[in-house]
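Undergrad: Got a sequence here, can you model it:
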Amino acid sequence: MRIFLLTTALAAAVSMPIAAKSKSQTTIANGYPYTQVPFTSVKMTQNSFWGARLKAAREVTVPLAFSKCESEHRYKNFDMAAYTLKHPGHAGLNTPQWDVKKFMGFSFDDTDVYKTIEGASYILQTYPDRRLKAYIDSVLNIVGAAQEPDGYLYTARTINPEHPHGWSGRKRWTKEEDLSHELYNLGHMVDAACAHYQATGSHKFLDIARRYADCVCREVGSGSGQTTVVPGHQIAEMALARLYTLTGEKRYLDEAKYLLDFRGKTKIRNAYSQSHKPILQQDEAVGHAVRAGYMYAGIADIAALTQDSAYIKVIDRIWQNIISKKVYLTGGVGARHSGESFGDNYELPNMTAYNETCAAISMVYLYERMFLLHGESKYIDCLERTLYNGVISGMSMDGGRFFYPNPLSSDGKYAFNADNNTTRQPWFGCACCPSNLSRFIPSVPGYLYGVKDNDIYVNLYAANTSTIHIGGKEVVLEESTQYPWDGDIQIRVIKSAAKNANLLVRIPGWVQNQVLPSDLYKYSDSERPAYTVTVNGKEVNADLAANKGYLPVKNIKKGDVVRIHFDMPVRTVVANQNVKDDEGRVAVERGPIVYCAEAADNQGEPVLRAVVGKKPAFSIVNDYKIDNTETKGAAPFAVKAITTQAQILNDSDNGVSLKNQKLTLIPYYAWNHRGAGEMNVWFVQSLMMLDK
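TA: The predicted structure is shown next:
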């Protein structure tokens, strides 16, 4: 069955909002002491920082991803698999047009479809629309038709079973620990199906995903007649845990735990896929950063669901290794292009940093789960840093171009990856980052709040209206703010049917003079930001340490107005002395935003050779306009810029010379919108360090 015309359908989908019914209840608790308030309960204000990001995803990113599924053969793969199922052994199987190796780039191409459906499902909550829902249903008709009778759904094999994709192996699962990605496909399918069900109440995709999950439960494991393998690319673990909490079917939890328990015990054992040793023995983040992040999030899920203290200890020490030794100032992870992997401890190069966008997204998953396990604000501090810097830098402001790696400096010439890219691209042959952003950005509303007992945790600050359930009773909050541009937030209690409901207000680490909950980075200035929290004009105070970094506002009632103010001075940051690439250098932040200098804002000067004083003075430039020439016809956008007096080191006839320069800095996420050029995050403060 063919989908109806894409352009017409999506154009209608973004212009005709209607009322929608949503279903967000799960069958059982997710095991965590703290609960994430679901995306279905949070409506982002449209003309706000995150409202604009969701709008770009709705109008550009998701439609683009769907169109690429059409033009790049993704839907056709399902069509061809369905045809083979109806006509087994058909005459075309031995012809060139059915040679999977020639038209399917990667064995995980199916996931582009799943991830885009997931993102579109999240969008349906903020922008409910009948036509977009119908479009998704038409895609699901194509997906479902490619499912084999026993539930197996993997077009890389089904299209041509005797001559499958070269990464797939002659039999099911035989190359799972290498390159087949059969279980990776399952993971993204299940995640998307759960989101689709929560957003629409429809079982259509959920039933397809459960049939494949049931097939995996029957065929993959350590029992008699099963194939004993673990994922070569993790994500199935966290997806199966999510499916368990949605359905209550324990076999999904058992399968997820098996996939973790047997890691390091099967045929392939290497650090690249974190299978070098059993997970209970692991204490360092190693290997492919995306695989690692997904697995670590899965460990946290199983730790919560099984109350396994050994699992909790594992994820605690791996998190500590990341935060203390392996994360960039922007929240990115993955120092090396080779293997898209973590480096050694303190190995954090800037220009050659890989920092894959997908890896940053995986860290958000991990940090959210660490909060849900422990209820400490420090995990949300890490999440916020990654979200505002390492994640959204991967997508252009208009939503139509993407970064794979996210370096912290650029000479405008060094190619980010094998595709020779120095700028954001409209798509990639390996499209995991664009499609991952398609699903992640629309899910951001689900990260704003948490709940435990009568307590509502205000984790991220964004303009929104939310309906939160406490003891089965509704609490409706309306939040107004220009955050992250200023530190003023107002939360109005529109409704509170719950008795003794409390707000737990997160006081960010950057307000408390802490860059990260480790000694990897520290502020190097004398600023000491202050904060205030008032309820109906009366100031509230409490011991933050005793409340895990939160300030309690107790017994909220209808009509209460909570006002929060954070001082937001410009700060300078230095790295741990063990980070040799940042020795003698300083970075600039304001609030949760990391700043950079780009040649485009500095008269084309070589900002890589900028020298900043020991005690620089800064000025704020409001509504600083950035022209988005990266995308033809895209509108300019405004940010808060920062200026400071600096010097540029230039070559001269007599050796070198210093030129005074007013240095303009913009948010790191906004760089490269005017094409390739020099960019820098870490600035020299000591001339002897220029060659470092």
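
Undergrad: what residues are up against the most centrally placed residue in the chain?
TA: For the chain, the residue nearest the mean C-alpha position is residue 361 (2.1 Å; C-alpha atoms, centre = their mean). The neighbours of residue 361, taking C-beta atoms under 8 Å, 6 or more residues apart in numbering as the test, are 293, 391, 436-437, 440. To be clear about C-beta, it is placed using only N, CA and C from the backbone, and glycine gets the same treatment.

Undergrad: and the gap between the closest residue to residue 347 other than its chain neighbours and residue 615?
TA: Leaving aside its chain neighbours, residue 347 sits nearest to residue 335 (5.0 Å; criterion: C-beta to C-beta, 6 or more residues apart in numbering). When distances are taken as C-beta to C-beta, to the nearest Å, residue 335 and residue 615 turn out to be 31 Å apart.

Undergrad: These two - which one has more neighbours?
TA: Comparing residue 335 with residue 615 by other C-beta atoms under 10 Å, the one with more neighbours is residue 335, at 24 against 10.

Undergrad: isn't that one right up against residue 350?
TA: No - taking contacts as C-beta atoms under 8 Å, residue 335 lies outside contact range of residue 350: 9.8 Å.

Undergrad: re earlier: tell me the pLDDT of the residue nearest to the centre of the chain.
TA: Here the pLDDT value assigned to residue 361 is 98.

Undergrad: Now name the helix or strand holding it.
TA: Taking DSSP states H and E as the criterion, residue 361 maps to helix 357-374.

Undergrad: Please enumerate the helices of the stretch 301-450 of the chain.
TA: 309-321, 357-374, 377-385, 432-440 (DSSP state H, counting those that start in this stretch).

Undergrad: deepest of the ones you listed, which one?
TA: The highest average neighbour count among the helices of the stretch 301-450 of the chain, using mean count of other C-beta atoms under 10 Å, belongs to helix 432-440 at a mean of 27.

Undergrad: Among the contacts of residue 361, which one lies nearest to residue 599?
TA: In terms of C-beta to C-beta, no member of these lies closer to residue 599 than residue 391, at 24.3 Å.

Undergrad: what about that closest one, distance to residue 375?
TA: 23 Å.

Undergrad: With neighbour numbers in mind, choose between those two.
TA: In terms of neighbours (other C-beta under 10 Å), residue 391 is the more surrounded of residue 391 and residue 375; the figures are 28 against 20.

Undergrad: This structure - how does it break down into domains?
TA: The chain breaks down by automatic domain parsing into domains covering 449-568, 571-689.

Undergrad: ranking these by mean pLDDT, which is last?
TA: Among the domains of the chain, domain 571-689 scores lowest, at a mean of 93.

Undergrad: mind listing what residue 658 touches?
TA: Going by C-beta under 8 Å, 6+ apart, the list of residues near residue 658 reads 611, 647-650.

Undergrad: Please name whichever of the domains of the chain is nearest to residue 101.
TA: Here domain 571-689 is closest among the domains of the chain (C-beta to C-beta), at 33.6 Å.

Undergrad: Dig out what residue 503 forms beta bridges with.
TA: Judged by DSSP bridges, the bridge partners of residue 503 are residue 456, residue 553.

Undergrad: So residue 451: helix, strand or coil?
TA: Classification of residue 451 by DSSP: H, G, I helix; E, B strand; the rest coil places it in strand.

Undergrad: Show me the beta-bridge partners of it.
TA: residue 35, residue 456.

Undergrad: Enumerate the positions of stretch 41-61 that are buried.
TA: Buried residues in stretch 41-61, counted by 16 or more other C-beta atoms under 10 Å: 41-45, 48-61.

Undergrad: Keep only those of these that are in strands.
TA: 42-44 (DSSP state E).

Undergrad: possible to save those residues as JSON lines with distance to residue 414 and pLDDT?
TA: Below are those laid out as JSON lines (distance: C-beta to C-beta, whole Å; pLDDT from 0 to 100):
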{"residue": "42", "distance to residue 414": "40", "pLDDT": "95"}
{"residue": "43", "distance to residue 414": "42", "pLDDT": "94"}
{"residue": "44", "distance to residue 414": "36", "pLDDT": "94"}
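
Undergrad: Can you tell me, leaving aside adjacent residues, what's nearest to residue 304?
TA: residue 31 (3.9 Å).

Undergrad: Assign that neighbour to helix, strand or coil.
TA: Strictly by three-state DSSP, residue 31 counts as coil.

Undergrad: could you measure it against residue 302, distance?
TA: 9 Å.

Undergrad: quick revisit: buried subset of the contacts of residue 658, written for ChimeraX?
TA: Selection of the buried residues among these in ChimeraX, burial being defined by 16+ other C-beta under 10 Å:
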select :611,647,648,649
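
Undergrad: Could you export stretch 596-605 as CSV, CA atoms only?
TA: Provided in CSV are the C-alpha atoms of stretch 596-605 (Å, rounded to 0.1, in the frame of the first residue of the first chain):
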residue,chain,number,x,y,z
CYS,A,596,32.1,30.7,21.3
ALA,A,597,33.7,33.2,19.0
GLU,A,598,33.2,32.9,15.2
ALA,A,599,35.1,34.7,12.5
ALA,A,600,31.8,35.8,11.0
ASP,A,601,31.1,38.0,14.0
ASN,A,602,34.7,39.3,14.3
GLN,A,603,35.6,40.9,11.0
GLY,A,604,37.0,37.6,9.7
GLU,A,605,39.8,37.6,12.3
